[in-house]
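In: Make a model of this:
(one chain, ligands or ions: 1)
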Amino acid sequence: MTGAAPAAGTGEAAPTVRGRGAFGTLRMEAVSRRFGSATALDRLDLTIEGGEFLALLGPSGCGKSTALNCLAGLLPLSGGSIRLDDERIDTLPPEKRGFGMVFQNYALFPHLTVRKNVAFGLAVRGTPKAEMARRVDEALALVELSDHAHKLPGRLSGGQQQRVAIARAVVIRPRLVLMDEPLSNLDAKLRLQMRTEIRKLHQSLGLTTVYVTHDQEEALALADRVVVLRHGVVEQIGTPEQVYTFPRNTYVAGFMGYRNLLELPVASREGRRVVLEEPGLRLTGVAQEDLDGTSAVAAVRPDDFTPGRGGPNTVRVSVEVAEFHGREMAVEGVTESGRVVHFRSPERMAPGDKVDLGVPADRVLVFATGGASGGTSGGASDGATGGTSGGVSGGVSGGASGGEG
Ligand SMILES: Nc1ncnc2c1ncn2[C@@H]1O[C@H](COP(=O)(O)OP(=O)(O)OP(=O)(O)O)[C@@H](O)[C@H]1O
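Out: Numbering: from 1, shown residues only. As a prediction, the model looks like this:
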């Protein structure tokens with residue numbers, strides 16, 4: 001933490017706003033939360049280490065916000081417990097937990113000035129006036145809003161409002177900062193800027209942060225550890241490198257940008273090397289788990305295919321759609337047997353072009369059909385972000401529907 005870049009313009013402010021930091025571990029043990037007959041969290045076990053930045057990642061409805069609200073004390077548990085070191089905290093009301101929260105919609109008081117919004121948490125805790133003034137000044141300096149202290153939130157931009165929300169959360173010196181999709185209302189440029197600011201603040205203040213997002217890129221960029229959730233259950237926990245490079249199943253792979261999830265017949269197998277083959281396509285890959293069926297699922301990132309580089313590992317496609325993305329094109333092609341394949345191309349491409357796509361064997365992850373993910377089409381469409389599910393599920397089912405049914 002000490003080597004971290006200082007928060008913007010904050011040199012001297014940081015030490016007093018610094019979080020109480022001091023806890024060893026926060027444990028969620030078999031935490032369940034039901035809404036009527038629906039289970040939003042199913043015996044969730046999660047350990048958060050003091051000082052770390054943990055991202056809860058998953059598609060809409062997977063239980064991320066429920067987990068965060070249970071931590072915050074905004075939702076009572078249906079089962080299980082939460083302990084901060086030796087202290088059981090799930091029975092404490094939110095204000096007794098000493099956590100700061102930042103919400104997607106900022107949740108600022110519209111009739112209070114920026115200064116009063118930031119001071120609010122200190123006022124309800126009965127902080128003496130002089131200390132309150134000093135700490136609010138420091139928190140505002142930290143997020144570079146000192147000049148806007150007297151304004152109402154309605155007169156600020158989205159990014160400034162979000163910074164007020166962050167100042168309000170950190171001014172109480174929280175043991176833990178909980179953030180629920182804090183950047184999703186910002187435009188793309190501001191989102192990137194604020195993302196960096198959040199990471200800087202986390203480092204320079206020595207915070208412990210739990211951050212909810214459905215955005216894989218945001219989770220990988222920010223977090224020390226990423227928790228991939230599905231239907232209220234943990235699918236995988238690991239460092240960004242681990243979940244990105246070694247997704248445990250097709251669900252996590254789909255979420256990590258392995259947009260091509262192709263269920264294919266197994267032609268041969270030798271140790272962990274597997275050859276998958278059908279007309280117009282031959283993919284050698286590396287098995288990530290035991291394979292026992294006659295088919296398996298190859299997971300390949302679009303940017304791992306190299307167009308025009310045929311060889312022993314080749315997929316031949318006919319281009320259907322080519323989108324301009326600056327330096328390269330995002331292309332969708334179809335194989336002889338009707339599989340949809342996504343790849344990137346530095347060259348211009350047009351519908352109807354025939355292309356051979358090469359890919360190194362170690363970039364082809366092979367999973368069992370209908371393995372831990374509970375079926376490739378589910379994993380793919382849940383995991384893919386907006387607009388991709390059609391392509392992915394088309395790729396999975398095209399020509400291999402027997403395996404799915
Ligand atoms: N108050 C509620 N009443 C009934 N069901 C709820 C309630 N809150 C959440 N749920 C259900 O619990 C599940 C998990 O919801 P949750 O909000 O935690 O998901 P999420 O991953 O945060 O999704 P999103 O990204 O859309 O906010 C969903 O199926 C949701 O419909």
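In: contacts and neighbour counts: CA atoms only from here.
Out: OK.
In: Provide the contact partners of stretch 66-76 at residue level.
Out: Contacts to stretch 66-76, defined as C-alpha atoms under 8 Å, 6 or more residues apart in numbering, come from residues 33, 40-41, 77, 82, 90, 92-94, 97, 99, 101, 178, 180, 210, 212.
In: Intersect those with the contacts of the ligand.
Out: Restricting the contacts of stretch 66-76 to those near the ligand by C-alpha under 6 Å from any ligand atom leaves A40.
In: quick one: the helices in this structure?
Out: 14-17, 64-72, 94-97, 114-124, 129-142, 158-170, 188-205, 216-222, 240-245, 250-255, 376-383, 389-397, 401-404 (DSSP state H).
In: Quick one: those as CSV, columns for mean neighbour count and mean pLDDT too.
Out: Shown next, in CSV, are these (neighbours: other C-alpha atoms under 10 Å; pLDDT from 0 to 100):
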stretch, mean neighbour count, mean pLDDT
helix 14-17, 18, 41
helix 64-72, 23, 94
helix 94-97, 16, 86
helix 114-124, 21, 90
helix 129-142, 20, 90
helix 158-170, 24, 88
helix 188-205, 17, 86
helix 216-222, 19, 94
helix 240-245, 17, 95
helix 250-255, 29, 93
helix 376-383, 25, 33
helix 389-397, 23, 28
helix 401-404, 13, 28
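In: quick one: which of those helices is nearest E52?
Out: Comparison of the helices of the chain against E52 by C-alpha to C-alpha identifies helix 188-205 as nearest, at 8.7 Å.
In: Just the C-alpha atoms of the closest one, please, in CSV.
Out: Provided in CSV are the C-alpha atoms of helix 188-205 (Å, rounded to 0.1, in the frame of the first residue of the first chain):
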residue,chain,number,x,y,z
ALA,A,188,-17.2,5.7,-21.1
LYS,A,189,-14.4,8.3,-20.7
LEU,A,190,-15.4,9.4,-17.2
ARG,A,191,-15.8,5.7,-16.2
LEU,A,192,-12.2,5.0,-17.1
GLN,A,193,-11.0,8.2,-15.2
MET,A,194,-13.1,7.4,-12.1
ARG,A,195,-12.0,3.8,-12.2
THR,A,196,-8.4,4.9,-11.8
GLU,A,197,-9.4,7.3,-9.0
ILE,A,198,-11.1,4.6,-7.1
ARG,A,199,-8.1,2.3,-7.3
LYS,A,200,-5.8,5.2,-6.2
LEU,A,201,-8.0,6.0,-3.2
HIS,A,202,-8.1,2.4,-2.2
GLN,A,203,-4.3,2.3,-2.2
SER,A,204,-3.5,5.6,-0.7
LEU,A,205,-6.0,5.4,2.1
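In: ok, the nearest residue to V234 once chain neighbours are set aside - how many residues close by?
Out: Among residues not flanking V234 along the chain, V228 sits closest, at 5.9 Å (C-alpha to C-alpha, 6 or more residues apart in numbering). By other C-alpha atoms under 10 Å, 28 other residues sit near V228.
In: which ones are touching V274?
Out: Neighbours of V274 in contact, by C-alpha under 8 Å, 6+ apart: 266-268, 284-287, 366.
In: returning to what we had before: distance to A298 added to the helices of the chain, as JSON lines?
Out: JSON lines is the format used below for the helices of the chain (distance: least, C-alpha to C-alpha, whole Å):
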{"stretch": "helix 14-17", "distance to A298": "48"}
{"stretch": "helix 64-72", "distance to A298": "28"}
{"stretch": "helix 94-97", "distance to A298": "46"}
{"stretch": "helix 114-124", "distance to A298": "51"}
{"stretch": "helix 129-142", "distance to A298": "47"}
{"stretch": "helix 158-170", "distance to A298": "41"}
{"stretch": "helix 188-205", "distance to A298": "32"}
{"stretch": "helix 216-222", "distance to A298": "20"}
{"stretch": "helix 240-245", "distance to A298": "14"}
{"stretch": "helix 250-255", "distance to A298": "9"}
{"stretch": "helix 376-383", "distance to A298": "10"}
{"stretch": "helix 389-397", "distance to A298": "9"}
{"stretch": "helix 401-404", "distance to A298": "14"}
